[in-house]
Structure formats: structure tokens, C-alpha cells
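Peer 1: sharing a model that was predicted from the sequence below.
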Amino acid sequence: MMTPVFEFQTSRSKVQGSGAFHFLGWQFLAPNLNPAPNPNPNEPVTRRRLGAGLRLGLGEFSWLLSPLGPGRRRFGCLTLAGLTLLAGCNQNPDSTANNPSGKALRAGGAKKTTIALLPKSKGNAYFISCTKGAQRAARDLGIDLLFDGPTDPDPARQNEIVENWITLGVDAIAAACENKDGISSALRKARAKGIKVITYDADSLPSAREFFVNQATPQGIGYILMDEAARLCHTQGEFAVITGSLTAANQSEWRSYVLERRAALYPGMKMAALRPCDDLKDKAQSEATSLLAAYPNLKLFLSTTSLGVPGAAEAVKQAGKAGQVKVIGLGLPNENRRYVKEGVTDSVILWKTEDLGYLAVQAACALVQGTLKPGAKTFKAGALGEFQVQGDNIMLGKPFIFNKDNIDQFDF
Amino acid sequence: MKSPLKSILLRHETVLLLILTAEWWFFSAAGRNFGTLDNTFDIIRHSVEIGLLALAMTAVVLTGGIDLSVGSLLGLCAVLLGMFWRDAHLTMRVAAVLTLLAGALAGGFNAALITWLRLPPLIVTLGTFSLFRGLAEALTHGVDTFTGFPEAFLFLGQERWLGLPAQLPIFLLFAAGIWLLIHRTTFGRSFRALGFSAEGARYAGIPVERRLAMVYVLAGLTAALAAIVYTARLGQAKADAGTGYELLAITAVVLGGTSIFGGSGSVAGTLLGVAAIAVLNNGLVHTRQPREVAGMLTGLLLLAALSGSVLLKRLATVRQRWQSPPEATERTSS
């Protein structure tokens, strides 16, 4: 299910910057071996010829590497060309040809803006989805996007990656922080070196970054949950809330906004019960089953924790009450796809992760170019239009509702 | 007779040094900002903990043993350091000393099982590998993270001292100490004797158990030291600190030419092994290759370096035999 993580770079035929090659199904970016276009037509001719000849010669042998047929010879050729590049032969004619705008990538010289994107962990479907949006932004902006992160959520590795990027000399870093304090010192170091830093998804300490791309406010989450619940119950009836634990600060905050919205707009709705599920699907299921027995008039389950949604859905399904008792909550599409398709779960609420990645890269780039400054009230992010800025938070806006009609467009 | 030049060329360390130079040359040519002083210091900073563990591991492997628990012990010691400081309200200095003691104690536990019960080190440390990590997780309930350490402590891991990464002097001192111990004392010689043949060493009058216990306590102490440096570098201590470090350390030791069966090896080789792996990992980032390649290339490097030096030696013996059979017969007849 999981594609190799660097597939994101670009499609095989479209390679940004200099040449690239493939090995064991991975795409490697060729190092920038000063492939500056040479304006002097006399001297480089021999070189260019030599390069072309070399490529032709290698092309002849590319079948050795590509037993799958002539269609793949190009890649074999690219592979060999890349290998020679790696071997220190620094004139690959492709590298200049693929660099149309003449913005030569000369090591140390003026070059394309490079933005580095750090996920909490690389294999996480949530962040893979974010990265898709980030790539789209990079394409729109014509910038270079680096994507790297720990294989497992590991703050030590995150620090190391950020420190590597500092010496590599990227222009901006967009980070999703696994641990606030752990990474903040590394991010502050980056800022001290003139690198622009923004955070997305999970914030660092405020002093370590310029902006946080905030995917959702507690108020936005609470309100949309209650609105959706009222819509499904036609503003009348009892509902039960399933929470991760009774003490979790973020969940209590969301719940308080749910109740605030109910009191303000939906007096016909009543919260019949509140049960913790310890963030376990099994526990959520057993709680929901007992709630179904205890409250026969129950019309809806609202879960503020992600595993509570499939847990409650399983309970409703096994009780044979699918359709009579609705299920909604915060969660990931993949965890709930089955129940949504079966008609047990009605709405899963989260945000568009691709837009989050897109916005993060757009904001980082705008910071580098100076078009986004502290104190801004709005920020225009390319194809997605305008976003509100509250203080140093760039708001992604309203959460997104995944339902039967659209859930198949998302994979995370 | 072998010429001195040839014997130097045939040494495993020379092969490694050549590999390291080649890596360095390649990455500075192909990478962006690779050869800078800043990056060199970054490489050092990131490899100090592995380096410390690898040095202690050299002593362990020389005796023919192995210690799989150092990574987990690093995690446990990091957590203990955090607890001593935050929960027991001790000063950082006292907490660090207590952490070192705890590390030595944990190493002593390994040593007791290995020497008193005569259990194989692989099994004992496989057990403590899980035990120490489990303890660290139990102490923090898997979620507690220690942060907000005082600036003066973080200086050790993050700042520069006399222009050098602040942890470098610690590492150099430690490396010098281990070098002296292994190459310049009778202790070190006895480690090697143990590795060759424990029974032989016993007949030679070496207190086998005491020496074995010493290396495992040393390994535990080193894991605690690495935990302190690690915590200072990251500014946080969590139960998952140092996951997988034991294998990285063993890789560096073996890459450095120390025989896994014990008996032969050198501190210089281990240091070169650590450097070769660290440079490879860092260089790949600077040439913008995917990080995953690093694991693959480390494996290839290990296999290539080991088989390379074996092949060179074999080639030399074949050539020698081919060149000098008459000489040899002469010698035996005379």
C-alpha cells in the first residue's frame, strides 16, 4: 500500500533541476555538479559533443540495464548517465537542457528557492497526504522542495535532519514538530542562520518559528461537530459524546465548544451521556453498546477522538441500528471508510491534509520572498485563495467533512 | 620478509582511511556545503553518542563478548537523568553523577549474570536489552518527556567551547582513555587474551571473571555518559532515546576491523568505522539522496571493507607463496 516515499519528487519523466536516475525503483536526484550553461560557443562544443557521444554510447548499451523492452531504454540511459554523473563526470548535457529558465544551479551561487518540509514521520499516511499538497505548491511556485523525516516519530532524528538542512543551506523549513521542546532549539538555530521557519500541523515553541499554519481551531472543530450532529438529527433528540479521556485538555476544549453551540442554536438537542474510551476502539465499542441499551432514544454518537468513531460504528452495526442511530466524529478517512460506505457512519470530520501541506509551502516561500511579514492579516496562497492570519497563526479555515460522496477521493 | 610499507598498506585501518578519504572527496565535490567547518562539526556532534558506545563496545567485542543492551541503557539513563533532576530536584551535576552510577550498576548487572551464572553475553544482554527499555518506558508510562533543562547543561550538547563542539573534548578524552586501556595496559592485553581463549587466559593467571565484569561495567558507564550527552544535545529525555544505537555501535566496531570472535581489533579502527558511517549518512543528505539509501550503503560498505581487506591479505599470501617457495625450502633445510 505504501509507495516508496521519494516517489513524491516528480513523475519519472519530469525531473526538476538537473538529471536524475532510478535505482531499485527509487528516484535519485543527481547532485548539482555546477551544470551552468556555458555561453561561450567555442570551447564547450567539444565537451558537449563528448557528452552527447558519451550519452549515445551509453544509450547503445542501455538495453543491458533494461530488459523490459525499448520503452524503458530511456531510463536505463538516464541511470547510466546518472551513474557517470555520480562518478564525477561533470558534464551531463541533460542537466542544462532540463533547466529551461537558465537559472543555473551553481553550487554556492544564486539558485532556486529551496524549501524543506519535515513531517512527524515519513511513512504516516496523514503526512504523505500533506506532502502531495506541498509538492503541488512547489510546482506552482517553481521552487525546490526537500522532503525528509524520521521513519518513526523520533524527535532526535527530527533535530538531526533540521541540523543537516541548516548546513545544507536551505531557504526555509516547514516543520511538523513531534516534540515542542526537543526541536525548538534546532529551529532557533536555523533562524539564527537566516533560515525562515514555519511550523504546520503541530507547533513548536513560538520563539522558534515565524508562523504556525493552524489546521483547525478548537472553536471551529466544536462548532462543526455540533452543526453536523444537528443536521443529521433534524435539530431534535438525544446524543451521546465519546471522548478519549475525561481529562484530555484538547478534547475537553472541543467538547465545551460543542455544548456552547448546542446551547446557542439547538435547544432541541440534548447530550444524554459522556463516556471516555481511553483512545481504544474496543473500549469505545463496549461503551457505545451499553449506551445503546441504556438510552433507547439515542439518535446519534459524537466522538471527539479518532478511534471512538469506528468503535461506536461497530457497536451500532452489531446492534442492527445502522441508520437509526447516526455516528459522527473526528477521524481519518481510512479508519472509517468501511463504515461510511456501509452507511453506519455518516460524517467523519477533519481537514484537507493536502491543503495543509500546500499552505505550509506557500507560506514558507512567501516568507523567503518577503511577501508575508509578521503582522499580516491575510495571506494569499496561490490556487487556494486567501487565508486569515490571526496573530502568528495562519488559519487553514473550516474543517472538512468526509462522507459517502467524497471519501473515496482521500487516502490517509 | 614483508616490507614495512606493505604491512602498513595491508592494515585494515589503511583501507578504511582510504574509504573515508574517498567518501570525503566525493561528497565535497558533489554535495552542497559538505566540506564546511560547520558541517564537519555537525557530523561530529551527531556521532559522539554512537562513538562513545562503539569505543566501549570495542573492549567488549575484544573479549569475544557482545553487549546488545547499551542502546536501551542509554534510554533508561536519559530517563533517570530527567527524573533525578526534575522529580528529585537535584542539581544537574548530582543528577549526572547518579546517572553514571546507575549506568555502572546496570552494566554490573549484565556482568554478574555473565560471570557468575556463566550465561552467554548475547543472551544476557538480549534480555537486558528488553528489560532496560521496558524499565524506561514503565518509569515514564511511555509518554512522559523531560524537557526544560538548564542552559548550562544544554551548552554541553548544543554550543561550542573554544570553537569546538562542546561534547568533542569529552569524546576525545574518553577515546584517549580507552586507547590507553586497550593498547597500552596489561588490562587491554588481557581482554585480547580472553578473546582468543578464555581457558588459556585462565591458565596464564588472568582473573577472567574480574576482567570480563570490568568491560561490561565499562559499557554500562559509557551508555550513561552517552545518555547525558544525548540529553544535552536534544534538550529532552524520553524513553525511546537511543533506539537501535547498539547495532550502529556494533556495525562501527566490526567495520573498524575488530573480530567479532574477539582477540583482535583496534581503537583507531573503531574510530575510523564510526567516521566512515557518519560521513556517509551526512554526505547523502548533502548530495540530496534519500536517507533510506544510507542504510543500504552502510551495509554494502561494511561488506566491502571486510571482504576487501581479507581479499588483499589473501592476495598477498598467494603472491608471497608464488614468489618464494625455494626460499622457504632453503630455510627449512638449514
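Peer 2: Nice, thanks for sending it over.
Peer 1: phi, psi for residue A:275 please.
Peer 2: phi -130, psi 140 (degrees, to the nearest 10).
Peer 1: then residue B:26?
Peer 2: Residue torsions, per degrees, to the nearest 10, at residue B:26 are phi -60, psi -50.
Peer 1: thought residue B:182 was touching residue B:190?
Peer 2: No. Judged on Cβ atoms under 8 Å, residue B:182 makes no contact with residue B:190 at a distance of 10.4 Å. (C-beta placed from N, C-alpha, C; glycine too.)
Peer 1: any weak-confidence spans in the chain?
Peer 2: Chain wasn't specified; assuming chain A. A:1-111 (pLDDT under 70).
Peer 1: sorry, I should have been clearer: chain B.
Peer 2: Using pLDDT under 70, chain B drops low at B:1-10, B:142, B:324-334.
Peer 1: how about the strands in it?
Peer 2: B:146-147, B:160-161, B:164-165, B:236-237 (DSSP state E).
Peer 1: pick the most buried one from these.
Peer 2: Highest mean neighbour count among the strands of chain B (mean count of other Cβ atoms under 10 Å in any protein chain shown): strand B:236-237, with a mean of 27.
Peer 1: strands paired with that strand, and their directions?
Peer 2: Using DSSP bridges, the strands paired with strand B:236-237 are strand B:146-147 (antiparallel).
Peer 1: show me the contact partners of the strand it pairs with.
Peer 2: A:179-182, B:78-79, B:81-83, B:85-86, B:231, B:235-238 (Cβ atoms under 8 Å, 6 or more residues apart in numbering or on different chains).
Peer 1: restricted to helices, list the residues you listed.
Peer 2: Of the contacts of strand B:146-147, the ones assigned to helices by DSSP state H are A:180-182, B:78-79, B:81-82, B:231.
Peer 1: for residue B:278, see how far away the residue lying closest to residue B:281 once chain neighbours are set aside is.
Peer 2: Take residue B:281 and drop its neighbours on the chain: the residue closest to it by Cβ to Cβ, 6 or more residues apart in numbering or on different chains is residue B:294, 4.8 Å away. Counting by Cβ to Cβ, to the nearest Å, the separation of residue B:294 from residue B:278 is 10 Å.
Peer 1: and what of residue A:186?
Peer 2: 18 Å.
Peer 1: looking at the two, which one has more neighbours?
Peer 2: Per other Cβ atoms under 10 Å in any protein chain shown, whichever of residue A:186 and residue B:278 has more neighbours is residue A:186, with 27 against 23.
Peer 1: neighbours of residue A:381, how many?
Peer 2: 24.
Peer 1: in chain A, which spans are helices?
Peer 2: A:43-65, A:73-86, A:93-97, A:125-141, A:155-168, A:180-192, A:218-233, A:249-265, A:281-294, A:308-318, A:333-342, A:353-369.
Peer 1: with the stretch 151-300 of chain B instead?
Peer 2: B:151-158, B:168-184, B:186-196, B:198-203, B:208-234, B:245-255, B:267-286, B:292-323 (DSSP state H, counting those that start in this stretch).
Peer 1: nearest to residue A:128, of those?
Peer 2: helix B:292-323 (14.7 Å; Cβ to Cβ).
Peer 1: name the residues of that closest one that come out as buried.
Peer 2: Neighbour counts over helix B:292-323 (16 or more other Cβ atoms under 10 Å in any protein chain shown) mark B:292-294, B:297-298, B:301-302, B:305, B:309, B:312 as buried.
Peer 1: now for residue A:217: which residues touch it?
Peer 2: Applying Cβ under 8 Å, 6+ apart, the residues contacting residue A:217 are residue A:395.
Peer 1: hang on, the earlier thing: report the contact partners of the residue nearest to residue B:281.
Peer 2: Contacts of residue B:294 (Cβ under 8 Å, 6+ apart): B:280-281, B:284.
Peer 1: state the distance from it to residue B:286.
Peer 2: In terms of Cβ to Cβ, residue B:294 sits 12 Å off from residue B:286.
Peer 1: again, but for residue B:237
Peer 2: From residue B:237 to residue B:286 the distance is 29 Å (Cβ to Cβ).
Peer 1: burial measure for the nearest residue to residue B:238 once chain neighbours are set aside, as a count.
Peer 2: Excluding its sequence neighbours, the residue lying closest to residue B:238 (Cβ to Cβ, 6+ apart) is residue B:145, at 4.8 Å. Using other Cβ under 10 Å, residue B:145 has 17 neighbouring residues.
Peer 1: for residue B:145, which residues are in contact?
Peer 2: Counting by Cβ under 8 Å, 6+ apart, residue B:145 has contacts A:179, A:181-182, B:236-238.
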